[in-house]
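this one's structure only:
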Ligand code: AMP
């Protein structure tokens, strides 16, 4: 399997759901890629490939990033960090709030799970405005980790996600699609 096989799977197997969760949004449903064993193995391998050997932990963003992080972690022999929505983690947490189109969201991370300086790859399904990934990088850096890259299945054209992150962290996307 090659990177172009993975990109073809992303093009073919991510479902487009108009007007979900609100009118005007084209929701990209990646679950068909997750439920096909061969497709899942191919895309997780291709997601991490540019960074293989350069990271010793993979951070998944809740919730679809968790599945991707698990696949990469097993394949690469690294640990998983979970970046969670607010209020899900017990005990001490680091929190980072960021703006949504309407309102605000907060992500949280348990500190001190891995040694400072641990090199971490961030994974998620879709990169849109980049706010979620940007807040994730900030959280991981506040925890003392070094973020080596952000890998997503799909980036949405016409939104500032890549532009917002690229000056900070390398961005790897297997495919792109209209917002
Ligand atoms: P953003 O912070 O704008 O880059 O949004 C990225 C986060 O929102 C990711 O965790 C995605 O799972 C989710 N997301 C944003 N837009 C979409 C979309 N059109 N389809 C599916 N998920 C999306």
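Noted; the coordinates are in hand. These figures come from a predicted structure and were not determined experimentally.

only C-alpha atoms for contact and neighbour calcs from this point on.
OK.

in contact with the residue nearest to residue 73 when sequence neighbours are not counted, which residues?
Spatial nearest neighbour of residue 73, excluding adjacent residues (CA to CA, 6 or more residues apart in numbering): residue 79 at 5.8 Å. Shown in contact with residue 79 (CA atoms under 8 Å, 6 or more residues apart in numbering): 56, 57, 58, 73.

beta-bridge partners for residue 79, please?
With DSSP bridges as the criterion, residue 79 is bridged to residue 57.

cool, and residue 85?
residue 107.

burial check on it, number of neighbours?
Here the count is done by other CA atoms under 10 Å, and residue 85 has 17 residues near it.

I figured it hits residue 110, correct?
No - assessed by CA atoms under 8 Å, residue 85 is found out of contact with residue 110, at 11.8 Å.

what sits against residue 151?
Listed by CA under 8 Å, 6+ apart, the contact partners of residue 151 are 47, 48, 121, 122, 123, 124, 171, 172, 173.

go again using 7 Å as the cut-off
47, 48, 122, 123, 124, 171, 172, 173 (CA atoms under 7 Å, 6 or more residues apart in numbering).

and those, which of them are in strands?
Those of the contacts of residue 151 mapping onto strands are 122, 123, 124, 171, 172, 173, per DSSP state E.

so the third one touches residue 60, yeah?
Spelled out, it's residue 124. Yes - using CA atoms under 7 Å, residue 124 makes contact with residue 60 at a distance of 6.2 Å.

quick one: residues contacting the residue nearest to the spatial centre of the chain.
Centrality entry for the chain: nearest residue to the mean C-alpha point is residue 124, 1.8 Å, by CA atoms, centre = their mean. Neighbouring residues of residue 124 by CA under 7 Å, 6+ apart: 60, 61, 64, 65, 151, 152.
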